[in-house]
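Undergrad: need coordinates for the following:
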Amino acid sequence: MVLYLIRGFVNGNIYVSFKPLRKAESMLVVGEKVAYVGEKGVVEAVVSRLGGELVDLGGRTVLPGFIDAHVHPDELGLYLSTLDLRGTRSIKELKERLRKYAEAARTTWVLGHGWDQELFEEGRWPTRYDLDEVVAEKPVLLSRICLHAGVLNTKAVELAGLFNLKLPGVLRDELGVPTGVVKEEAFDLVRQKVEETLTIEDYAEFIERALHYAASMGITTVGFVSCGLKQLKAVFKLWSEKRLPVRVRVYLSYRDELVEAVKQLGIRRGFGDGYLKILGFKILADGSLGARTAWLSEPYSDDPSTSGYPLLSEEELKRAVRKVDEAGLQLAIHGIGDKAIDMVLHAYMELNKTREKRHRLEHASVLRDDQVELMAELGVVAVVQPHFVISDWWVKNRLGEKRVHWVYRFKTLAEKGVELAFSTDSPVEPLNPWETVYAAVTRGKYENVPYYEDTREECLSTLDSLHYYTWGSAYALFEEDALGSLEEGKYADFVVVDRDPLVVSEEELKSIRVLETYVGGKKAWSL
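TA: Predicted coordinates for the structure are as follows:
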């Protein structure tokens, strides 16, 4: 005989779904799923008769759990354990933070993340010489906020063999000597060097820490993108030991041999259980706007010498796309610049039934009108990161007057019928969903973001934003029948918050606090 945990939640302000907007005062959870939402008397009677537990919400607001469709839990967990450089205002401050951190660091590499040269009062990128003044004997890697570039000290440049390696992405001075700044391919090479020093147990610790942090933010499901083999083994370890506090949906880093191995094993999209599933593969088509490596159809306005560049040729991308699609797996392709997005959409056009397969475009940062129309026609899902709007405050200078109107077109995408999913790309952006919702609603209005007036028509309502962060992200993961709302029969994944987001002012949105997080009806976190 199977015995299910029965819990009734009463006297609440429960948002069952956002589109359509449906509310209830009480909810009955049986086992992991919602059995009933509606009247308090019904819930109390069932709980009393079956000997369950009754929870009085005391009028507090309950929402479906947030689903972050694009996260890097391995990187996030690592950076929760290393030097946080977000918000650093100068190279001088960066060096001081590095000095204090390095004094206590016991790791082989000294690692940090989050700096943005656009904020530096010196008006330049940091170099290895800056870092050498602070740490000379240990290798140092400090990644830029976008995770598409970083800066190394001389010891790290030596260990990575970059002095003699002719690799794109190694920035050099006028004499051809590496400056310590690495982008894209070179940055990935250095990260691989760091990964080689980390064990499966290390990654299990990092990922578990990140997922507990996600639960504290009210996130009940994450899309784990760019998952490598070592990281996958770490996730399997956590899953087998029942140590996953939230649900994980995996997109593996693309490699030909890995796609073939997954295909030969008979693994298809959705392989797994309620807590862990493998969905597909992540492919990078270009870089980032911050590093000027996103591939544009015209040169950058603030550096006409470059238009960025693709990370693989169009034929290589088409071959990879066909390979993943034929294996019955979902594609999640990173495309930021409009030229890169052309290449991605051309590859998707050669497939059949793209709408049913819900292949994804990650970021979709710079979009022309014709591309929005084509995405809607193909049924491509746009997985976007609204907080980029505030973090990329400099983007008008980068792209110019015409193209700034193509940036982060959330409302246009939705109005044209493109399915939207919200995410953070954390640790690139803060994992806190309320900062994301705030950014989607205000678009930097209160931060004096220079292009707010140019793109204010792309502001979303709070209701729409919450829908895309729940049902929208569930759709991107093929989970809208099980996740994304608190309708009967779905998983009881929900959060209790201190304020009603549909009542507070837009300025208050980012201050909302999560009080409790439930996954499958069980408390995963509480304040």
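
Undergrad: now the most centrally placed residue in the chain, nearest residue through space, not along the chain?
TA: Central residue of the chain (Cα atoms, centre = their mean): residue 425, 2.4 Å from the mean position. Distance criterion Cβ to Cβ, 6 or more residues apart in numbering; nearest residue to residue 425, sequence neighbours excluded, is residue 385 at 4.9 Å. Heads up, the C-betas are built off the backbone N, CA and C, glycines and all.

Undergrad: tell me, how many residues neighbour the one you found?
TA: 26 (other Cβ atoms under 10 Å).

Undergrad: list the contacts for it?
TA: Taking Cβ atoms under 8 Å, 6 or more residues apart in numbering as the contact definition, residue 385 lies against 70, 363, 422-425, 428-429, 436.

Undergrad: can you give me the distance of it to residue 243?
TA: Distance, residue 385 to residue 243, by Cβ to Cβ, to the nearest Å: 28 Å.

Undergrad: so after the lowest-mean-pLDDT helix or strand in the chain, what's the next helix or strand?
TA: In the chain, the helix or strand scored least confidently by mean pLDDT, DSSP states H and E is helix 184-195, which has a mean of 90. For helix 184-195, the following helix or strand on the C-terminal side (DSSP states H and E) is helix 200-216.

Undergrad: neighbouring contacts of that following helix?
TA: Taking Cβ under 8 Å, 6+ apart as the rule, helix 200-216 contacts 68, 71, 73-74, 76-78, 80-81, 222, 230-231, 233-235, 237-238, 243-246, 248, 431, 514, 517, 519, 524-525.

Undergrad: name the helix or strand for the residue nearest to the centre of the chain, please.
TA: Using DSSP H and E, residue 425 sits in no helix or strand.

Undergrad: kindly state the domain boundaries assigned to the protein.
TA: Split into domains by automatic domain parsing, the chain comes to 6-65+489-526, 109-195, 198-476.

Undergrad: looking at these, which one is packed in the most?
TA: domain 198-476 (a mean of 21; mean count of other Cβ atoms under 10 Å).

Undergrad: now that domain: average pLDDT?
TA: Mean pLDDT, domain 198-476: 97.

Undergrad: quick check: end-to-end length of it?
TA: This stretch, domain 198-476, spans 31 Å end to end (Cα to Cα, to the nearest Å).

Undergrad: how about stretch 10-25?
TA: End-to-end distance of stretch 10-25: 6 Å, with Cα to Cα as the criterion.

Undergrad: what do you get for stretch 56-63?
TA: First-to-last distance for stretch 56-63 - Cα to Cα - comes to 16 Å.

Undergrad: chain center to that stretch, what's the gap?
TA: Offset of stretch 56-63 from its chain centre (Cα atoms, centre = their mean, to the nearest Å): 28 Å.

Undergrad: cool, and stretch 166-185?
TA: Relative to its chain's centre, stretch 166-185 lies at 28 Å (Cα atoms, centre = their mean).

Undergrad: can you list contacts of it?
TA: Counting by Cβ under 8 Å, 6+ apart, 125-131, 148-154, 156-157, 162-163, 186-187, 189-190, 287, 291, 293, 309, 311 sit against stretch 166-185.

Undergrad: for residue 501, list the residues it contacts.
TA: Taking Cβ under 8 Å, 6+ apart as the definition, contacts of residue 501 comprise 61, 63, 434, 437, 462, 466, 509, 512.

Undergrad: can you pull out the helices in the stretch 351-500 of the chain?
TA: Using DSSP state H, counting those that start in this stretch, the helices of the stretch 351-500 of the chain run over 354-357, 369-378, 388-391, 395-403, 410-415, 433-442, 452-455, 462-467, 473-476.

Undergrad: possible to save the ones you listed as a markdown table with distance to residue 179?
TA: Output for those, formatted as a markdown table (distance: least, Cβ to Cβ, whole Å):
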| stretch | distance to residue 179 |
| --- | --- |
| helix 354-357 | 42 |
| helix 369-378 | 35 |
| helix 388-391 | 24 |
| helix 395-403 | 21 |
| helix 410-415 | 37 |
| helix 433-442 | 33 |
| helix 452-455 | 34 |
| helix 462-467 | 41 |
| helix 473-476 | 39 |
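
Undergrad: nearest to residue 495, out of the ones you listed?
TA: Taking Cβ to Cβ, helix 433-442 is the member of the helices of the stretch 351-500 of the chain nearest to residue 495, at 9.0 Å.

Undergrad: which other helices and strands does the closest one contact?
TA: Under the contact definition 3 or more Cβ pairs under 8 Å, 6 or more residues apart in numbering; DSSP states H and E, helix 433-442 sits against helix 388-391, strand 420-422, helix 462-467.

Undergrad: angle of it against helix 200-216?
TA: Relative orientation of helix 433-442 versus helix 200-216 (axes from the mean of the first three to the mean of the last three Cα atoms, to 10 degrees): 60 degrees.

Undergrad: report the backbone C-alpha coordinates of helix 433-442 in CSV.
TA: This file holds the C-alpha atoms of helix 433-442, laid out as CSV (Å, rounded to 0.1, in the frame of the first residue of the first chain):
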residue,chain,number,x,y,z
PRO,A,433,14.1,36.3,-10.3
TRP,A,434,12.8,39.6,-8.9
GLU,A,435,15.7,41.5,-10.3
THR,A,436,14.8,39.9,-13.7
VAL,A,437,11.1,40.7,-13.4
TYR,A,438,12.0,44.3,-12.4
ALA,A,439,14.3,44.6,-15.4
ALA,A,440,11.6,43.3,-17.8
VAL,A,441,9.1,45.7,-16.5
THR,A,442,11.2,48.9,-16.1
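
Undergrad: contact partners of that helix?
TA: The contact list for helix 433-442 (Cβ under 8 Å, 6+ apart) reads 66, 68, 217-219, 385-390, 410, 422-424, 429-430, 459-462, 464-466, 468-469, 501, 506-507, 509-512.

Undergrad: same thing with stretch 269-279?
TA: 32, 223, 235-236, 239, 244, 247-252, 262, 267, 280, 328-330, 477-478, 482, 491, 520.

Undergrad: just the residues you listed: which are in helices?
TA: Judged by DSSP state H, the contacts of stretch 269-279 include 235-236, 239, 262 as members of helices.

Undergrad: distance to residue 7 for these - can I get that in JSON lines?
TA: JSON lines is the format used below for the ones in helices among the contacts of stretch 269-279 (distance: Cβ to Cβ, whole Å):
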{"residue": "235", "distance to residue 7": "28"}
{"residue": "236", "distance to residue 7": "30"}
{"residue": "239", "distance to residue 7": "24"}
{"residue": "262", "distance to residue 7": "38"}
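
Undergrad: need the max-distance pair from these.
TA: The widest separation within the ones in helices among the contacts of stretch 269-279 (Cβ to Cβ) is 16.9 Å, between 239 and 262.

Undergrad: element containing residue 296?
TA: Following DSSP H and E, there is no helix or strand that holds residue 296.

Undergrad: ok, now which ones touch it?
TA: Taking Cβ under 8 Å, 6+ apart, we find residue 296 in contact with 307-308, 337-339, 366, 399, 403.

Undergrad: for residue 111, same thing?
TA: Shown in contact with residue 111 (Cβ under 8 Å, 6+ apart): 78-79, 82-83, 140-143, 194.

Undergrad: run the last query once more with 6 Å
TA: Each residue near residue 111 by Cβ atoms under 6 Å, 6 or more residues apart in numbering is listed here: 82, 141.
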